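[1] sequence first, predicted model second:
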Amino acid sequence: MVKHWYGRKMDSWEMDLATRSTDRVVRPFDWGLDWTKDWPVDSPLEDAELRLRDLNRKVIANSKAFFDYRVPHDFRFDGSWLKFTSPVRTPSDANNTVHGRWFPAKPRWERGKKAVVLLPHWNSSPGQHVALCQAIAELGISCLRLSLPYHDDRMPPELTRADYAVSSNVARTIDATRQAVIDVRSCFDWLQQRGFEDLGIVGTSLGSCYSFLASAHDPRIKCNVFNHCSSYFADVVWQGLSTRHIRAGMEGQVDLDRLRLVWRCLNPVEYMEPFAAMKKKSFFLYGTYDTTFPPELSRQLIDKVQAKGLATKVVVMPCGHYTLGEAPFKFAVGYQIVSFLKRNL
């Protein structure tokens, strides 16, 4: 299909933004079975691929146990930053300390004990999403911006990008997702300890995937914002503009059909039943010209949520993945997110 001039302009703008980073590394493919040793599921199968397929089935069937954890007992808060030890241990000492930046609600507008945890996008820098956090706080809702696994101060010294969060190492990617979900849930423990009662979550891109999995397993989360969303994880990695280097490391070792089976447990659609059972309010936002999260994958997830009769708001922006963070689109998106939280939390 031939795109009209606006679609071509968006594609060109997306490509320009996506290729400004020159430090992407094509890493070798690995099933990563060492990363499964501490998971609360096991498999008797010896073949690496078949073992991971079996583990995925068991994770989905026993997801409550997979995303369960011990509440941290070392929350440290200095008024601006929250730190604690992640319940999920990894070989990286830096990654094992969780960091969250706190944006308290402005006293003049504070709307009771309301708070959200905000999860940025993959490879976000510490300064990104801060303006959105401040806008949320300005309207009376406190906000905790979480640094994702392998990001910011959690990044291992050998990296310049958060390559271990999503990579051609299959099981490590699953383990990073498990850690992200458990870290998020731990943040809600801290918020509850501080007396916050009405709790929500805001996730962008990879943070949106993490947010959906966390919300599907935590009844305390009443209100969701999914800024960029997708039904299937493997399809995004295989088709997306920003993950071409990951696909390059996988091609010749695995194809999309097989990758879907070893990354099934990362798919938001696999947890639709527990998510729908809690009757949460959700806001889904995606871009018509998104070449990182293909729009058809966003629509699939939204259709499944709406088929459950859940309260949802959907906004489709006339832009792509990267351009959603650029003017003028970022201002419209910020307004939509903040107004949704103000009305529904």
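    Yes, it's here.
[2] so where's this structure shaky on pLDDT?
    1-2, 108-111 (pLDDT under 70).
[3] quick one: name whatever helix or strand follows the longest helix seen in the chain.
    Longest helix in the chain, counting residues (DSSP state H): helix 170-193. Using DSSP states H and E, the helix or strand that directly follows helix 170-193 along the chain is strand 198-204.
[4] show residues contacting that next one.
    The contact list for strand 198-204, computed with CB atoms under 8 Å, 6 or more residues apart in numbering, reads 112-121, 124, 129, 132, 136, 141, 143, 184, 188, 191-192, 209-212, 214-215, 220-228, 337, 341, 344-345. Just so you know, the C-beta spots here come from the backbone N, C-alpha and C atoms, and that holds for glycine as well.
[5] which SSE is Val316 in?
    Assigned by DSSP H and E, Val316 falls in strand 312-317.
[6] I should have written Leu341 there, sorry.
    Going by DSSP H and E, Leu341 is part of helix 329-344.
[7] tell me which strands and helices that helix is in contact with?
    helix 130-138, strand 198-204, strand 221-227, strand 281-287, strand 312-317 (3 or more CB pairs under 8 Å, 6 or more residues apart in numbering; DSSP states H and E).
[8] strand partners (parallel or antiparallel) of the last one?
    Applying DSSP bridges, strand 312-317 is found paired with strand 281-287 (parallel).
[9] work out the gap between the partner strand and the centre of the chain.
    14 Å (CA atoms, centre = their mean, to the nearest Å).
[10] give me the contacts around whichever helix or strand comes after that strand.
    Later in the chain than strand 281-287, the nearest helix or strand by DSSP H and E is helix 295-307. For helix 295-307, contacts defined as CB under 8 Å, 6+ apart pick out 228-232, 235-236, 268-269, 272, 275-276, 282, 284, 286-290, 312, 314, 316.
[11] so how far is helix 295-307 off the chain centroid?
    Taking CA atoms, centre = their mean, the mean C-alpha location of helix 295-307 is offset from the chain mean by 17 Å.
[12] report the angle between that helix and strand 281-287.
    160 degrees (axes from the mean of the first three to the mean of the last three CA atoms, to 10 degrees).
[13] buried stuff in helix 295-307?
    Buried positions in helix 295-307, judged by neighbour count with 16 or more other CB atoms under 10 Å: Pro295, Leu297, Ser298, Arg299, Gln300, Leu301, Ile302, Lys304, Val305.
[14] ok, the residues you listed vs Asp30, which is closest?
    Lowest distance from Asp30 to those (CB to CB) belongs to Leu297, with 25.5 Å.
[15] hmm, Val184 is touching Tyr210, no?
    Yes: assessed by CB atoms under 8 Å, Val184 is found in contact with Tyr210 at 6.4 Å.
[16] what touches both of those two?
    Joint contacts of Val184 and Tyr210 (CB under 8 Å, 6+ apart) are Leu119.
[17] the helix or strand where Val98 lies pairs with which strands, and in what direction?
    According to DSSP H and E, Val98 maps onto strand 97-103. With DSSP bridges as the test, strand 97-103 is paired with strand 81-85 (antiparallel), strand 142-146 (antiparallel).
[18] other residues contacting it?
    77, 79-86, 117, 126, 130, 133-134, 136-137, 142-147, 152-154, 183, 186-187.
[19] returning to that earlier point: filter the contacts of helix 295-307 to the buried ones?
    228-232, 235-236, 268-269, 272, 275-276, 282, 284, 286-287, 289-290, 312, 314.
[20] quick one, helices of the stretch 1-150 of the chain?
    Under the criterion DSSP state H, counting those that start in this stretch, the stretch 1-150 of the chain contains helices at 5-18, 48-61, 63-66, 130-138.
[21] CA atoms of the shortest one as CSV?
    In CSV, the C-alpha atoms belonging to helix 63-66 read as follows (Å, rounded to 0.1, in the frame of the first residue of the first chain):
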residue,chain,number,x,y,z
SER,A,63,1.9,-16.8,37.2
LYS,A,64,0.8,-15.8,40.7
ALA,A,65,3.8,-17.8,42.0
PHE,A,66,6.2,-16.6,39.3
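[22] and it, how far out from the chain's middle?
    Worked out by CA atoms, centre = their mean, helix 63-66 lies 18 Å from the chain centre.
[23] check stretch 48-57 too.
    Averaging C-alpha positions (CA atoms, centre = their mean) puts stretch 48-57 23 Å from its chain's average.
[24] likewise stretch 69-81?
    That offset, for stretch 69-81, works out to 21 Å (CA atoms, centre = their mean).
[25] buried ones in it?
    Going by neighbour count (16+ other CB under 10 Å), the buried part of stretch 69-81 is Tyr69, Pro72, Phe75.
[26] wait, doesn't the first one sit right on Val88?
    Yes: with contacts defined as CB under 8 Å, Tyr69 counts as touching Val88 at a distance of 7.4 Å.
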